[in-house]
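[1] Got a predicted model here, sequence first, then my questions.
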Amino acid sequence: MEKTEESVATEVLQRLKDGNQRFVQGVISINTLATQLNRQVLASQGQNPHTIVLTCSDSRVPAEMIFDCGLGELFVIRVAGNIIAPSLIGSIEFAAVNFNLSLCIVMGHSSCGAISAAVSHSLQHTNPTTSHLKGIVDFINPAVDFVKDQGLSLTDRASINKVGRRNVVNTVSQVTAQSSLVRHLIDVNNFKICGAFYDINSGVVEFFE
């Protein structure tokens, strides 16, 4: 029986979960190592990734390693604070259509510098030094306000990570709100966008399903 797009997304999500479990255990699969032997094939025949991952640019958050994936398996979009902008939405649309993908992961992480900066500017009532940095902080600010409205002080790591989690939720929401193509894929093809949060200490990825 032919798989539905929904079943494909569920299967791929489980593949990522299994890969993260191996990463936490310090295991690299043979399949992942074997992809390094396929560089010439990928170069000549093109890529065929199974998942889109929008995540932070933080050097401690390498998506391929975190999910024990090899060359050509993930279409990774990285930007400080895993925020969204027209070019990033376009990248998601491009990958979803051109590679017929069923799953997009939006992944934040603990101890995120962009999140901490947004929190700091909010508490000190200051603005970043450039308009470009301000654009990142402005996107994160609704998540800061959301957590502040819960009565949290935002002076401890746990509450700052709550901002990071909320920022993931907001990014997922903005992707669907701003892209008619993504909404169409969700409605017609059961395309799935799933939020996630990576703990840089434990290595564990928490999925928001």
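    Perfect, I can see it now. Residues are numbered from 1 along each chain as shown.

[2] where's Arg60, which helix or strand?
    Element membership of Arg60 [criterion: DSSP states H and E] is none; it lies in no helix or strand.

[3] Then Asn100?
    Element membership of Asn100, judged by DSSP H and E, is empty: it is in no helix or strand.

[4] What score does it have for pLDDT?
    pLDDT for Asn100: 95.

[5] Could you do Ala177 as well?
    97.

[6] now do Ser153
    Turning to Ser153, the model gives it a pLDDT of 84.

[7] tell me which strands and helices the longest helix seen in the chain is in contact with?
    For the chain, the helix that runs over the most residues, judged by DSSP state H, is helix 157-178. Under the contact criterion of 3 or more CB pairs under 8 Å, 6 or more residues apart in numbering; DSSP states H and E, helix 157-178 touches helix 86-98, strand 103-109, helix 113-124, helix 131-148, helix 180-189, strand 192-198, strand 205-208. (Each C-beta comes from the backbone N, C-alpha and C, glycine too.)

[8] and among those, the most buried is which?
    Greatest average neighbour count among the helices and strands packed on helix 157-178 goes to strand 103-109 (a mean of 26), per mean count of other CB atoms under 10 Å.

[9] Residues touching that strand, excluding its own?
    Outside of strand 103-109, the residues within contact range by CB atoms under 8 Å, 6 or more residues apart in numbering are 8-9, 12-13, 16, 50-56, 58, 60-61, 63, 81-82, 92, 96, 115, 164-165, 167-168, 171-172, 175, 191-200, 205.
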